[in-house]
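In: Following is a predicted model, sequence given first.
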Amino acid sequence: MQINKYIYSFRYDNTESELCKLESRCIFNKEEKNKFLISEIKAEPSRSAFIKRRLDIISFSKDYPALIADIKSKKIRTDGFKIEYLELKGDTSEYAERLEKLKDIGFCINTFPDYYNPTIIYGICCYEDVWYFGVLIKNNLIWEKHKQKPRSFSNSIDMNIAKALVNIAAQSDIDSSLLDACCGVGTIMLEGCFAGNNIEGCDNNYKVYRSALENLAHYQYSAKVFYSDIKDIKKRYDAVILDLPYNMYSAATDIEISHIINAAADISNRLVMVSISDLTNLISNIGFKLSDYCIVNKRASNFSRRIWVCEKME
Ligand SMILES: C[S@@+](CC[C@H](N)C(=O)[O-])C[C@H]1O[C@@H](n2cnc3c(N)ncnc32)[C@H](O)[C@@H]1O
């Protein structure tokens, strides 16, 4: 029997909804719904821009007094604890009621709380008439330090998309080998390194390659970057991420894009590609099938990116 152990809550705006759903399909094999997901798969919230927090379930019940009795029976005695109420969609309880629930739990944990500097945060929530209690792990947002990376350029991808691309490529396996094959100044690599992914990069433009090295060194990440055309990379990877060059409307660039995709298909059976144009034909030409897809619109603009997940056909 499958036991759901973790509750995830999400935060994203309308332009990111499709991307967040694609990311959750890849990490959890299912889509978040109403910014909520329950799963047996454990993922660090900070590896995603969209996962707000994870509740590691200790106890659950449809019957609230039974939940309280069960928490009491566990004799939890952690000094410096704090309890938070997770408001999930469909939970109609009023503020005063939620406060009472927090007090109930506080009385089950018979030690001193610490609201400002807690050693552990517990959480309680109600979803579809079931009460859940557990340890709450929040997205630490430390990755936002990458906003101040020393080198950036006009083609750099947004950090939220960069994080999602790494997760879409790696799926639930943080150890899978990834190549950011058009790494530019390393925006995607920074997110992979932060999350502990096994990621390398390459770019054939010396200036941006140097910038990627500088950015990685700035945060003391030791991932390898190759100053190379992707066609000269021979090592195989579990997945290749391609944030394709944009100026795709000239014939020369179309040929270049096709070369890049062909070269990536030679070294991996899984490609995660970002483009502004339709890649359907190119994907079938290399003998791959599209396994997932989404569009990400840029906030307050007509610009949109397409994200293509494809796999080699057996
Ligand atoms: C859209 S930019 C990638 C931006 C990057 N994700 C970032 O945020 O910095 C595309 C990159 O592909 C690189 N590129 C183009 N053709 C390439 C090739 N054949 N092999 C490797 N890199 C290539 C370009 O130099 C450029 O840096």
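Out: Everything's here; your move.

In: Report how many residues lie close to the residue in the chain positioned nearest to the ligand.
Out: With C-beta to the nearest ligand atom as the measure, Gly184 is the residue of the chain nearest to the ligand, at 2.4 Å. (Glycine included, C-beta is placed from N, CA and C.) Other residues near Gly184 come to 25 when the count uses other C-beta atoms under 10 Å.

In: so is it in a helix, a strand, or just coil?
Out: coil (DSSP: H, G, I helix; E, B strand; the rest coil).

In: Excluding chain neighbours, what is closest to it?
Out: Val208 (5.1 Å; C-beta to C-beta, 6 or more residues apart in numbering).

In: Could you do Ile124 as well?
Out: That would be Phe133: by C-beta to C-beta, 6+ apart, it lies 5.1 Å from Ile124.

In: Are we agreed that the one you found is in a strand?
Out: Yes. Checked against three-state DSSP, Phe133 lies within a strand.

In: which residues in the protein form helices?
Out: 17-28, 64-73, 95-108, 159-170, 187-195, 206-218, 251-267, 280-285 (DSSP state H).

In: contact partners of the third one?
Out: Spelled out, that is helix 95-108. Residues from elsewhere that reach helix 95-108 (C-beta atoms under 8 Å, 6 or more residues apart in numbering): 64, 68, 71-72, 76, 83-85, 87, 93, 113, 122, 124, 133.

In: at 7 Å what do you get?
Out: 68, 71-72, 76, 83, 85, 113, 122, 124, 133 (C-beta atoms under 7 Å, 6 or more residues apart in numbering).

In: Likewise for the fifth one?
Out: Counting by C-beta under 7 Å, 6+ apart, helix 187-195 makes contact with 44, 47, 143, 146, 149, 156-157, 159, 162-163, 165-166, 178, 180, 183, 199, 201, 212, 215-216, 219, 221, 223, 241, 243, all of which sit outside it.

In: The residue nearest to Ile124 touches Asp56, doesn't it?
Out: No. Contact criterion C-beta atoms under 7 Å: Phe133 and Asp56 do not qualify, at 10.2 Å.

In: Which one's more surrounded, the two?
Out: Between Phe133 and Asp56, counted using other C-beta under 10 Å, the more crowded position is Phe133 (24 against 14).

In: show me what contacts that one?
Out: Per C-beta under 7 Å, 6+ apart, neighbours of Phe133: 58-59, 67, 71, 105, 122, 124.

In: Where do the domain boundaries of this structure fall?
Out: What the record gives for the chain is the domain set 6-138, 142-312, from automatic domain parsing.

In: From the opening residue of the last one to its closing one, how far?
Out: I take that to be domain 142-312. Between the opening and closing residues of domain 142-312 lies a distance of 36 Å (C-alpha to C-alpha, to the nearest Å).

In: try the shortest one
Out: For domain 6-138, the separation between the terminal residues is 13 Å (C-alpha to C-alpha).

In: mean confidence score for it?
Out: Averaging pLDDT along domain 6-138 gives 94.

In: Now do the buried residues in stretch 96-109.
Out: Going by neighbour count (16 or more other C-beta atoms under 10 Å), the buried part of stretch 96-109 is 98, 101, 104-105, 108-109.

In: ok, now stretch 257-273?
Out: Neighbour-count burial for stretch 257-273, counted by 16+ other C-beta under 10 Å, picks out 257, 260-261, 263-265, 267-273.
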